[in-house]
Structure formats: structure tokens, C-alpha cells
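>>> test case, fold it:
(chains A, B, C and D)
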Protein chains: 4
Amino acid sequence: MDFGYDSTTIEYSDRLLAFMDEFVHPAEATFAEQQAARPGEWGPPPVVADLQARARERGLWNLFLPGDRGAGLSNLQYAPLAEITGRSPHLAPIALNCAAPDTGNMEVLAQFGTPEQQAMWLEPLLDSRIRSAFAMTEPDVASSDATNIETAIVRDGDDYVINGRKWYISGAMDPRCAILIVMGKTDPTAPRHQQQSQILVPRDTPGVHIRRGMHVLGYDDADHGGHAEIDFIDVRVPATNLIGTEGSGFAIAQARLGPGRIHHCMRLIGMAERAIELMCRRVTARVAFGRPLADQGVIGEWIADSRVEVELLRLLVLKTAWLMDTVGNQGAHTEIQAIKIATPRTVCGIIDRAVQAHGAAGLSQDTPLAALWAQARTIRLADGPDEVHRRSLARRELKRHQ
Amino acid sequence: MDFGYDSTTIEYSDRLLAFMDEFVHPAEATFAEQQAARPGEWGPPPVVADLQARARERGLWNLFLPGDRGAGLSNLQYAPLAEITGRSPHLAPIALNCAAPDTGNMEVLAQFGTPEQQAMWLEPLLDSRIRSAFAMTEPDVASSDATNIETAIVRDGDDYVINGRKWYISGAMDPRCAILIVMGKTDPTAPRHQQQSQILVPRDTPGVHIRRGMHVLGYDDADHGGHAEIDFIDVRVPATNLIGTEGSGFAIAQARLGPGRIHHCMRLIGMAERAIELMCRRVTARVAFGRPLADQGVIGEWIADSRVEVELLRLLVLKTAWLMDTVGNQGAHTEIQAIKIATPRTVCGIIDRAVQAHGAAGLSQDTPLAALWAQARTIRLADGPDEVHRRSLARRELKRHQ
Amino acid sequence: MDFGYDSTTIEYSDRLLAFMDEFVHPAEATFAEQQAARPGEWGPPPVVADLQARARERGLWNLFLPGDRGAGLSNLQYAPLAEITGRSPHLAPIALNCAAPDTGNMEVLAQFGTPEQQAMWLEPLLDSRIRSAFAMTEPDVASSDATNIETAIVRDGDDYVINGRKWYISGAMDPRCAILIVMGKTDPTAPRHQQQSQILVPRDTPGVHIRRGMHVLGYDDADHGGHAEIDFIDVRVPATNLIGTEGSGFAIAQARLGPGRIHHCMRLIGMAERAIELMCRRVTARVAFGRPLADQGVIGEWIADSRVEVELLRLLVLKTAWLMDTVGNQGAHTEIQAIKIATPRTVCGIIDRAVQAHGAAGLSQDTPLAALWAQARTIRLADGPDEVHRRSLARRELKRHQ
Amino acid sequence: MDFGYDSTTIEYSDRLLAFMDEFVHPAEATFAEQQAARPGEWGPPPVVADLQARARERGLWNLFLPGDRGAGLSNLQYAPLAEITGRSPHLAPIALNCAAPDTGNMEVLAQFGTPEQQAMWLEPLLDSRIRSAFAMTEPDVASSDATNIETAIVRDGDDYVINGRKWYISGAMDPRCAILIVMGKTDPTAPRHQQQSQILVPRDTPGVHIRRGMHVLGYDDADHGGHAEIDFIDVRVPATNLIGTEGSGFAIAQARLGPGRIHHCMRLIGMAERAIELMCRRVTARVAFGRPLADQGVIGEWIADSRVEVELLRLLVLKTAWLMDTVGNQGAHTEIQAIKIATPRTVCGIIDRAVQAHGAAGLSQDTPLAALWAQARTIRLADGPDEVHRRSLARRELKRHQ
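Purely as a prediction, here's the structure:
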């Protein structure tokens, strides 16, 4: 048992921290100004392209991707880097071409795509020439139960024809988003986990109607392409656009889930670290009733509990990454659920304390805290509400004790 | 001891509930559409004026105001009506001319204003021909400690000259907002609670610079006039604009606080009732894993706990109103703090459960829940963060046991 | 609506508070000493009889009982008195002959007993010449679902014959406990709520085997007669011992539930007040790191939250009592469940904070806190665990919104 | 980074698990019977000696002690074994001669004792021929601040004379407890952390008055020697009984703290595992309202949250052990506090859920749960209440962000 990072991780961490200090944090104000000055536009403001150029120069590009096409890092090696990017979650992940949902889509294409699919979509994504989206969630059914999904993908000669409605399709409002991976049912009569397939649908295919951007607590998240509601009406794509085989959609979705969970949770931990730092500075600087807030009431308990919670969460996420690297996603099933259950809600609590310590400023556009909170809150619902995972984990625990 | 509403309350409640069903709830969709269609505009969309006309016809106007100018209700009689308006907090309070901060400003003018001040500002406010704002909070100091306030109100001949910066001045972005009540210091050397004064400043006075609308999470609350950041630079108003006497600002602020607290807390309870209703409907209608959500896991506990919490909160707020009516604000001091401590955070928790039960829809613009949550969260910070009130109440409790 | 106590309540409260100060609190140390000096004995130590004599003299006797036989108070009038007794829960209720389970048993006998049953058992109970127990809970089934109860009460000629095992039969270890009211099934084939009957079983009837005293955490509660495990083996009593008619057991159990809930909850509130008082005194007197605990960290928040919680709980319990007096137990169903859900767990939390503020002393025999906590914790399980009530209340709430 | 146990740990774990299954768990009922049959006796019942003999035979003896005298395991290697013993905390630690406070006393003697002290006291302790106690906590001061300690240790010729009162001295009621390590002040005028010394006091020294056994929530913990209140009145011991030098008492106390914290926290985790196991079995076996509890309401969430919490805690405790092994106690300061803050309160919560799932049985003497809860609750206060550690950790965190 060894709780120290390996030398590759440390070396990347050092370079990434330097990049954050030199480029990312100083760009945050510019980002906010540019964003405020372009209402109604979807996609990242210009400063992001500058940061991407810098990141490439420094070899901080596609770090998330294992194998030759990316940095070749293991889940355990990448996880601490994801945490660092979480300290500036609107800027750092995209600056490094490590932002969701492109990361998951690239992983799927790298692992399951045909050479033609890879040439067509993976290469430009790796190069950040285009962006992508993953169209799974539907408004009309509880999508946490994948068998509920109703979008139809029907074979018709050499094509598939797609009909259905999706929403909260992150990134899809961005005109640079060129390709959608759509999850739907090719065979509603097949066994429960073999009904679904995933298929590539260029965003400009006739019948793809981008209806509107969904909100998250008042935010439209325009800078990372929003969250689209999309109608698919008789959308026709060639059969070669299918990813893998018919019926493999559920398995492919599971495969992307593990690494995505690690990325999300580690970024959340980075967000929590940012919130703690802001809280500590605020309560030291702010005086009320003649003393700094830091010396008053419950503030010390908030800081201590937040620090303890972060230390607890980080280790479990790292262990989960280690299990995925060593025994695979199946062997890490309990832990992959555990970090989903524990991380977002705990981090919501930490950021909420930091908000409260800031007074009105904590809810305003002048600190990152309100946006961080909204993002963390969303992840309590993304890939299924916490409760679905709690109940599934409980069933497994009950079986262990029979 | 009697826990039943009196006949006046019941009669008004019945009429108000009918008004909600007939006009307010049906107008909610129109309100949302109109609001979405006018980005960048501050103030209520057209449907509000229609509702106001209806409310006047029905005698549901200025219900909050005791005495001849309003409906003449006691705090205890008005409180259940405020709860009902909380079920549609963006529409109902303003429809009845019972929306903050106009209510508090009208109370102050009715109680402390000169006949000239009342003719000039109170009459048009009672008639909803103009709107108003209360400029107290400052970005640079912990405003929960009123002695921190730094805005200067300096006598200069027959005028006062005002310099300072305020923020989160709700309603002040609305061009119909004609008058600001500004809190500042006329004598920084006076005893701690006699340094402040309140003064009337027409919004179009030279030197009043409305800088920007502050956000609350991602909301700008444009429909009720936003939350302005305002610079006051050598703003000159006649000395007759002072409310009350020099040094009475703190006392006037305290006087408005009690009723305002009741209104806020009762509306929060109405918001909680709305959230519970939406949650119950959702979990009955929504099916996952073959059963309605209502039959699964922790949902029942969420509903029960929410119901119990609402029943607990309502009684304490009503008792506080009763105390204010019978022994006055001073005698209700502990209770006025207690409801501030308990209500917003508990209601945040209730709405959060309702959000979680809705999945992504709960955070979206398609249900009122996300906006309700943001509003409830704000009130944990408005008139001082919860923690200030908890510590003050604790000091009083400690003294009781010496 | 009126939140003030009536003059009868105030007059009784004043007298009872004087009695507490003059007799009960001073007797607490004596009680503890006498109790420590008689290990293995079940039932109250001698000081209790002295207090009973004083209470009778002062007309503070059988206050719980409505009608001519008791003080004739309504639930709403008695509730604040029950709170006062909760400040010394091992001494005050029994001193006033207002201790469970005798109270419930006397209510049942007064309401449903025949004149013969009343002469035989109610009279001596009202006079505290004997004590009683209520034998409902069984170890082998989830007794929160009364239909699970397995004890058989079988008619045989002019007798009934009883077989079954009960546990946690409070008071039954006391040799002065002369009579048991036993709940069992007379007709397992009847409709669900008409299978049960209640029957009077003298404790010395052959076949009644008192096996052992059950513990609650480390307490055996010897001073109030412990919690017995009892085997009933072919226990034969005359048919005239049946209370009411065959099949009425469930309805009789429900009837005793409402007042019992009020008593328990008000006593819990008195226990919470005692804990708050002890906590306030301790943190004022105790110095660590150069300052009283009261000035440090989270202590103020504990005190404030405890005060707020008590104010919230008390009003809901009183409203429940008022509903029972005005619309009856059926109309108060939701509230009767709500106070069971909210009161014990909240009071556990309050006492736990007081324990923590006392350090090791809080867990010791030198303050009442540890015993108060154990008692409050028990009530989260008595008459069914909280969760049963939360789910039942949730079902009713869900129906309201269909 | 590597989250797998090393081969030594795995080998010892396997042997210890076998020992638990073969001897310890089967002895639990015997232990309870023997204990119930000897009221008023202090110290372990006879079955413990049998288990100790078995443990020695199997080489499972003194596992906690690093170096030649013990098993030579690192903190990281011993920690998982301490967890296993926590599953039966009244039997397993003492069976292996790994029970507090003997463990800490043996560590102190091994590390700081003179050869004479070691021969006199360490050897018989290693052999379990005697037991020992550590007399630090005082009733009259907040002992969490060691500078408050008032017991005087005054040099007088070749002796030291000790005067003071201690309480909650675990183990000291046992007549087999031969030696006390007493903490007191040799120089109240020295710098704050050099006032204290530790000294060996044979329990039968004149002037050592064992007053009474303190309780913990109704438990006297007689089986492990209780928790004594002790008066030291002019107790005279030779100067050679001092451990280390005058003024080194605080440093010695700190040295024992780190390993002790690991042991306590890992045993708590074992206790939590036991509670989860009991809860899972109970809710599967118990039926109410026609379905097993496991299928109802919030039970699944309880199980899931408990599992997640245990996984989180274990990793942080193990990391702390690893830090102590690699960078020493100083480098692990934050983590040593973090596990004290997080572990007892979280484990209290887990056991409390298991109690609730058991109904009345959960509070009774028929399951280990009530005693486990009391033990876990105590550790929220042992070596200082949580809040002291939270505030200290907060101060360090605040400094990091200056």
C-alpha cells in the first residue's frame, strides 16, 4: 500500500499547476468579460483558443486519453490532473481538450469506432477542430433506467432512421458541435440490455431540430455549448454510422461511464478545493462585529469539515481509478457508484458553506462560487440521481450478507 | 389558546385562493413566455398589469398595509395571505401590490413619512404607479452589522449630499422604480445605533449611477427589477427628504424588519407547499424500474419530512405575527430571529428534495423549482446571514440561564 | 388565533413549577443515592412516596385524566404541565401519578372498563396503591404492524386462555405492578383491524412468567419498573376480564395513542429545556484555551438551533392537543404522526449537543443528560419506529395531491 | 500509488479472521452469560483467559507493538488487523493483548521507559500478567487543553508526591490493574508544553483512592475494568518512577496519541462493519406490512450510505498510518486530527441506523449494537471533544491560504 503519486503524475501535476498559474487563472476575468459581451452566442469565447494553443505547446493536450492517441496515462495518473483542472472548471478542461462530453465521445470512438469513423470524427475532435455531444437523456422518461429510453433507431435499407426527443444534450447548442452520438433502441423486443444502440448523427443532418437551450438554475452554460433539447424527426444516416454492433449501446454506455465518473469526481474535488481557498481568504479578510469572521462561530467547523471531507473523497476516487486500472470497471462497480453517491452531494455542501461565508457576493457573478454550486448540483442528477445508485449499491451490499 | 384562523382571515383566504386559481396560476405560462421574449428589459412583463387590474377589482390590493390606507389587517391576519401568494412568488405578490421592497418602503413612509413625502411617494406606490427600492447593503462591508455601513449622508446647507456604493438593491434596475430610500451615516461619531439615517433619493437624481444588475446564482431577476449595484457620487437632495430625524435610521430599519420577516417567511412556506405539491405529483406520475417513484426508496421520507417541517414552521411564524400584534416587535425579538434562522434553510431543503425528485427537469426552466430554490437560498443571506442571528439568539439564551 | 395559555393552565403551571422547585429538583440527588443503594430492586425508591404525598396535598394529582375522576383538564390544558414534568422525567411524572404506562391504562379503564373492572383496578391505580403495565410489543414480530401480533387469546368456557411472548413491557418488573393489559388475537380470521382484543391479566396469574428485564442501552430503568420480557403460558382469566368486546383491541389501542403521544412529546420538550439549561450553564462556567466555551466555535449555533427547535416543536404538539380536543383523534391524525416523527429525533439531537458540551461528564451518572438521551432515543422506537409513521404520513400527503 | 495490502498484512488478516470465526465470535454468548452472572466484579470474565491462550498459540499476540518485543508490524500493517478486532471489541482486542489502555502504556514503556521500568512493568504487561491504566483526564478542568491539568507531581527528596483527582481512568477498577501512568504538572511555571510529566504509580500505593466507576450511558464497562474516579492524596513514589525527564509529559502523551488514534479508528470501522452486517441480516429477515424491511422506504439509503462512509473512512485512516510510518507523526498531524473528527461521529451514525432497523432489539442487551453505539459515542469525547480538533485543524487550514 502506497499513498504517494508516481513520478509521472507528479511531473504532469507540476507542469499543469504552472500552466494554471501562468495562463488559466489570469484568463478567468477575460473569460467572464468576453462571455458577458456576447449574449446569445453559444460556445467558448475567444480566450479559450489562446489557452488551447498554449496547452498544446506545453504538451498538456488530450491528457485524459489512454493509449497512443492521447497522453497514455492510466486512470490513476490522470485523476490528479483532472482535480487540478476542476479549480477552474469553465476554462481549464477545455483548454486542455479534456472537457466533457468530448472526452467520453473520443474514448468511445477510440475504443469502438471503425477506422473510417475515427478518421472522420475522432481525428478532428483530438485536434479540437470540432466539438461533439452525447444524446442520451430524454425528457419523457426516467433515463436513469436506460431501458426506458424511447428514441427509435430503425434499419431501413442501408440507412438507419431515428425518431425521438432528447434534452440536456450538453454542448449541442454550439455551432462548432459537428457530431452527436445518439443512444436509442434498435430492438425493443431484445433482452433488456441488448435493445440499445449508439449511432453517429452529424448535427446538420436533416431532421435534427435543436429546439432550445435548457437551463440549470438560471444558467444556460452557453460557454460550453449549453444543454440542448433536440427533436429527431425521421433523421436518416448510413448504416455505417452505427458504433459497434446493434444491441451494444448499453455496454458502450457502461464503458464510458467509469472514466467519466472519475473525471467528474476529481474535478468536483478541485472545485471544492477552490471553494475552501476562497472561503479561507474571505473569512480572514472580512471583519464584522469587530473581529474577522474566521474567529467567529461556526466558521472554523465549516473549514475543518470541508478539509476532512475533501481528504476522504479524494482517496476513494483515486482508489476507484486504481481498481479500474488493475481489475477493470466490473471489479470497481461498488466504488464507481460510491464516488457518485458521495462526491457531488458533499461538494455541494462545501461550496454552499463558502457561499454563505461570502454573504451576497457568494451568490453573485463576482465569485465563481455560485456557478460552481450549480455545476456540482447538476452532477447529483447527471447519469441518474444519487438515489438510483444508492439503491443499487444497497442491493449488492444486502446480497453480500446473505 | 386557539389554532384556528379568524373569520376575516378565512374570508380573505378564500377570495385569494379563488384569485390564484382563476388568474394567477393560469398566467404563469404567459409570464414565462413574455419574460423570455424580452431579454435585457427590467421590470415586470405586461401580464402583471392585467393581474393588478383584476386584483383591485376584487379588493385584493395592498393587503399587507395596516391602517386606513391598506386593508387594515393585523400581522396575524395578513400572514396566511402572504403564504398563499408565495405559491407563485413571481406573480402573486406584485399582482396584489404586496411585493418587496415596495411593501417595506410603503410601511416606512406611512409610519415615518411627512405628509409631503407621503403625497409625493406613498400615494403613487399605493397605486402602483411607480416602484421603489431600499438601498442598504454595501459590497465592501459586512452589512449584517449595520454599524459597518459606510455611505455618507452629509448636511450641506438645505441639502444632504450622499456618497457611497450599494449593491443588491432589489427592484432598482426597473425604469419604473422612481424612488430609493438610502441608508447611510449622518454622524459617524454618534453612539453606535444613532449614526444612521434614511433619506429619499429620486432615482433620476444626478450622481445616482446604476452600474449593473447583480446575479443570484444564474438569475438576474429582471422581472422584478433586478438587484442593482449603484454608485452615489455627490448626490444632492433637499434636507426635507430625510425620513424622520437624523440618527433614526437604525430604528426605522428595525421597524420594517419585523413585518418584512413575517412576509418573507410566510411566502417561503407557500413556496414549500408548492414544491411539495409538485414533488407529490411528479413521483406519482413518474415510473422507473417498473414502479412509480412514490413507491421507491427514500421518497416517502422526503415527503413526510417536508410536510412535518412546513407544519412546524408555519405555527412559529404565525405565533411571531401574533406576538408582534400583541406585545410588539421588541417582545417578539427571539421569535423574529428564530423564524429567520429556521425558515429559509428548511425551505431550501424541501425545495431541493423536490428538485431531486424531478431529475433534470427540476433544475430547468420548465418547473418553478429552480427559481424557487434560488430565491429561498437568497433569503438565508438577506438581512444578514443566518449565523449572525443564531449567535445573537444564543447570547440571549445564555443570559436567561445565568 | 391565540397563542397564549388560558388561566387554568397558567394557574396549574405556576403551582407545578413551585412544586418542582420546592420538592422535585431537591429530591433528585436523594433519588440517585437511594437508587444506587438498592441494586437488583425494581420499582421506585422511597423518596417517590414522599413526593406523591406532597403532590396530593397540593392538588397536583392525576392531572392527566379528563373527567371527574381526574383533574378534568383538556389535552391542551394538560400538555404544558406534562412539559414541566419532563424536566425531571424520572421523578415528576410519578410524583403526580401521571407516569406511563399507568396513565394510558387508567384512560382505557375509565373509558372502556366495566364498573367491576374500574372498581377492581382503576380505583387503586388512581390512588397509586398498585401499578400496571401494557403488554403489546412482541420480540418475534414487527409490532409496529399490529396485525403481526401473535399472542393468542382463546375463549374456553367462561375463561380466556392466553399464550404468547411479550417484551419491553415497561413497569412489569415492579412487584407493585398488579395488573397487565394484554393485547392479543381473539380471532385471527377476522378483518385485519378486528382480530385483536385487550384483556386484563393480574400479574400473579399462574402461567405469567416474568423472564428478565430488558435493557435500553446500559439502563435497566429499575426505578420505574424496568421493561419485562414475559411468557404467557396457558394463562387463564375469566371472560369478564375482557376490555370492551372481542375485536375491539385495535380501536382501544388507537384511543390511548393520541393522548399518550401528547404526553410523551411534551415531556420530551421539557427534557430538551432541561438539556438546554444545563448546556448554557456548562459553557458559561467551563473555560478552555483561556475563554469560556460559550465564546468558542460552534457552541452558539448549538444553543440557538436548540432553542429554535424547541419553539417549533412545542407549538405543533400544542396544536395537536387542540385538534384532539376540538375535532378528535381522527381529525388530528396527521399531526399525531407529525409530532412522533419530529419530536424524539430532534430532542435526541438537542440532548446530544448538551452531552458533547459537557465532555465526559455528559455521558456519566453525574448529570441527567445520558439518561435523558437514552429515554429520548427509545421513543424513536416506541409505538413503532419513526419510519413507519413517516411512510404512513407520506401516503396521506400523496393522496391529497392526486 | 497502490491500494492493495501487502503480503504480511494479508497473511495476518487471514489468520486473524480464522481466529475470529473459530474462537472469538463463538465465545461472545459465553462472555455475555459469564458477565451477567458476576455483577459487581471488575475485569474480564474467565472466557477471556481461554481466548488469550488460543491467541498466543496462533502467534496472534501483541500485534500492535512495533519492534522485537511485539509482532514488528508497521502502523499500516497493523491497522487492518485492528479493524478486524473491532468486529468484537469487547473480546478480540483483549484476547490478542491489543486492548487499550494497555497498548498505549506498553508503547510508552517500550519507547521511553528505563530498563528497570520495563522489567518491572512492561514485561508482565506484554505477558498479560497484569493490566494498567493511564490517568490523565480530570473532572474539574477541560482536559482537552492539557495545560489545564491540575494534578501536582512535586519532588520531595528522592520521591515525588502526587495530589489530584482523575476520572474516567479506564481499566483502573480491575484488581488486576497493577500500575497507573499518571500525568500531572511538575512545574506549573515552565513554558506551556513543558509543565507536565508522566509518572508510574502502582495502584496499591498508599493515598491512591479508587472512588467509584464512572458510567457511560448506563454502562459501567466492568468487563474491561471500568472507568475509575481516583483521588491521589499525598501519594509518594520513588523519583525513579518518572517516565523520561521532568517536563516531557506532554511530548510523551503526543507520541502515544498517533498510534492510539489509528487503533481506535480502525476498531470503529470494524464496529461499523459489524453494524452493517447485522442491519443487512435484520432487514432481510424481518417482515412488516407484507414485505421484508429491506424493500421498504429509506432502508436501502441507510445501507448504501453506511457502506460508502466506511469505504471513505478506512482509506483515510490507512493513509494516516502510512504517513506516520513514512514521515512521522508530525507530518501526519492534519490527518491524525481528520480521522478523529470524521470517524467516531460517522460510525455513531452508522450504528444508530442499525439500531433503528432493529427496533427495540437494537437498544437491548440481545444485540451488540447498543454497546457499540455507547463505545463509539465515547470516542467523540475521548482525547478531547471533536470540536477542539476541528478548530485546531481549521486554524492550520486558514494559515495555508494566507
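>>> A:Thr343 - nearest residue in space that isn't next to it in sequence?
Distances taken as Cβ to Cβ, 6 or more residues apart in numbering or on different chains place A:Cys265 nearest to A:Thr343, at 4.3 Å, with adjacent residues excluded. Glycine gets a C-beta too; all of them are placed from N, C-alpha and C.
>>> tell me the contacts of that neighbour?
A:Leu313, A:Val317, A:Thr320, A:Ile339, A:Lys340, A:Thr343, A:Pro344 (Cβ atoms under 8 Å, 6 or more residues apart in numbering or on different chains).
>>> just flag the most distant two among the residues you listed.
A:Thr320 and A:Pro344 (14.5 Å; Cβ to Cβ).
>>> those two: which has the busier surroundings?
A:Thr320 (29 against 22; other Cβ atoms under 10 Å in any protein chain shown).
>>> and the more buried one, its phi and psi?
Per-residue torsions, A:Thr320: phi -60, psi -40 (degrees, to the nearest 10).
>>> still on that earlier bit, what residues sit buried inside the strand or helix carrying the residue nearest to A:Thr343?
A:Cys265 belongs to helix A:249-285 when elements are defined using DSSP states H and E. For helix A:249-285, the neighbour count (16 or more other Cβ atoms under 10 Å in any protein chain shown) marks A:249-250, A:252-253, A:255-276, A:278-280, A:282-284 as buried.
>>> which residue packs closest to the residue of the stretch 51-200 of chain A found nearest chain B, ignoring adjacent ones?
Closest residue of the stretch 51-200 of chain A to chain B, Cβ to the nearest Cβ: A:Ala142 (3.6 Å). Nearest residue to A:Ala142, sequence neighbours excluded (Cβ to Cβ, 6+ apart): B:Ala288, at 3.6 Å.
>>> just the pLDDT for whatever residue of the stretch 201-350 of chain A ends up closest to chain B.
Of the residues in the stretch 201-350 of chain A, the one nearest chain B is A:Gly218, at a distance of 2.9 Å by Cβ to the nearest Cβ. With respect to pLDDT, A:Gly218 scores 94.
>>> now swap in A:Ala288 and tell me
Reported pLDDT for A:Ala288: 87.
>>> off-centre distance for stretch A:135-150?
18 Å (Cα atoms, centre = their mean, to the nearest Å).
>>> okay, buried residues for it please.
Quick answer for stretch A:135-150 (16+ other Cβ under 10 Å): A:Ala135, A:Met136, A:Thr137, A:Glu138, A:Pro139, A:Val141, A:Ala142, A:Ser143, A:Ser144, A:Ala146, A:Thr147, A:Ile149.
>>> helix, strand, or coil at A:Thr137?
Of the three states, A:Thr137 takes coil according to DSSP: H, G, I helix; E, B strand; the rest coil.
>>> distance check, it against A:Asp383.
Distance of A:Thr137 to A:Asp383, given as Cβ to Cβ, to the nearest Å: 9 Å.
>>> cool, and A:Val24?
A:Val24 is 27 Å from A:Asp383, by Cβ to Cβ.
>>> which of those two has more residues huddled nearby?
The neighbour comparison of A:Val24 against A:Asp383 (other Cβ under 10 Å) goes to A:Val24, with 24 against 18.
>>> thinking that one is in contact with A:Ser88, fair?
Yes: contact criterion Cβ atoms under 8 Å: A:Val24 and A:Ser88 qualify, at 5.0 Å.
>>> and A:Gly43, how many neighbours?
For A:Gly43, using other Cβ under 10 Å, the count is 18.
>>> which positions in the stretch 251-400 of chain A make contact with chain B?
A:286-289, A:293, A:296-299, A:355-356, A:359-365, A:370-371, A:373-374, A:377-378, A:380-381, A:385-388, A:390-391 (Cβ under 8 Å from any Cβ of the partner chain).
>>> buried subset of these?
A:286-288, A:293, A:296-299, A:355-356, A:359-365, A:370-371, A:373-374, A:377-378, A:380-381, A:385-388, A:390-391.
>>> strands - which of those land there?
A:Val287, A:Ala288 (DSSP state E).
>>> in helices only, show me the buried ones among the residues of the stretch 251-400 of chain A next to chain B.
A:299, A:355-356, A:370-371, A:373-374, A:377-378, A:386-388, A:390-391 (DSSP state H).
>>> dump those residues into a markdown table; add distance to chain C and pLDDT as well.
Output for those, formatted as a markdown table (distance: Cβ to the nearest Cβ, whole Å; pLDDT from 0 to 100):
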| residue | distance to chain C | pLDDT |
| --- | --- | --- |
| A:Ile299 | 9 | 96 |
| A:Val355 | 17 | 98 |
| A:Gln356 | 12 | 97 |
| A:Ala370 | 24 | 98 |
| A:Ala371 | 28 | 97 |
| A:Trp373 | 22 | 98 |
| A:Ala374 | 27 | 98 |
| A:Arg377 | 24 | 98 |
| A:Thr378 | 27 | 97 |
| A:Asp386 | 19 | 93 |
| A:Glu387 | 15 | 93 |
| A:Val388 | 19 | 93 |
| A:Arg390 | 16 | 96 |
| A:Arg391 | 16 | 94 |
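>>> hmm, back to that, who's in contact with the residue of the stretch 201-350 of chain A closest to chain B?
A:Ala374, B:His215, B:Val216, B:Leu217, B:Gly218, B:Tyr219, B:Asp220, B:Ala370, B:Ala371, B:Ala374.
>>> centre of the chain to stretch A:337-356, how far?
That offset, for stretch A:337-356, works out to 15 Å (Cα atoms, centre = their mean).
>>> show me which residues of that stretch are buried.
Buried-residue list, stretch A:337-356, by 16+ other Cβ under 10 Å: A:337-344, A:346-356.
>>> that older thread, how far does the helix holding A:Cys265 sit from its chain's centre?
On Cα atoms, centre = their mean, the centre of helix A:249-285 falls 9 Å from that of its chain.
>>> get me the contact residues on the stretch 251-400 of chain A for chain C.
Counting by Cβ under 8 Å from any Cβ, the residues of the stretch 251-400 of chain A near chain C are A:Gly297, A:Val298, A:Gly300, A:Glu301.
>>> try 10 Å this time
A:Asp295, A:Gln296, A:Gly297, A:Val298, A:Ile299, A:Gly300, A:Glu301, A:Trp302, A:Ala304 (Cβ under 10 Å from any Cβ of the partner chain).
>>> in chain A, where is pLDDT below threshold?
Within chain A, no stretch has pLDDT under 70.
>>> quick one: the strands in it, in order.
A:131-135, A:152-156, A:159-170, A:177-185, A:196-202, A:208-213, A:227-238, A:242-243, A:287-288, A:291-292.
>>> can the fifth one be found next to chain B?
No: on the criterion Cβ under 10 Å from any Cβ, strand A:196-202 is out of touch with chain B, staying 16.2 Å away.
>>> alright, calling it a day.
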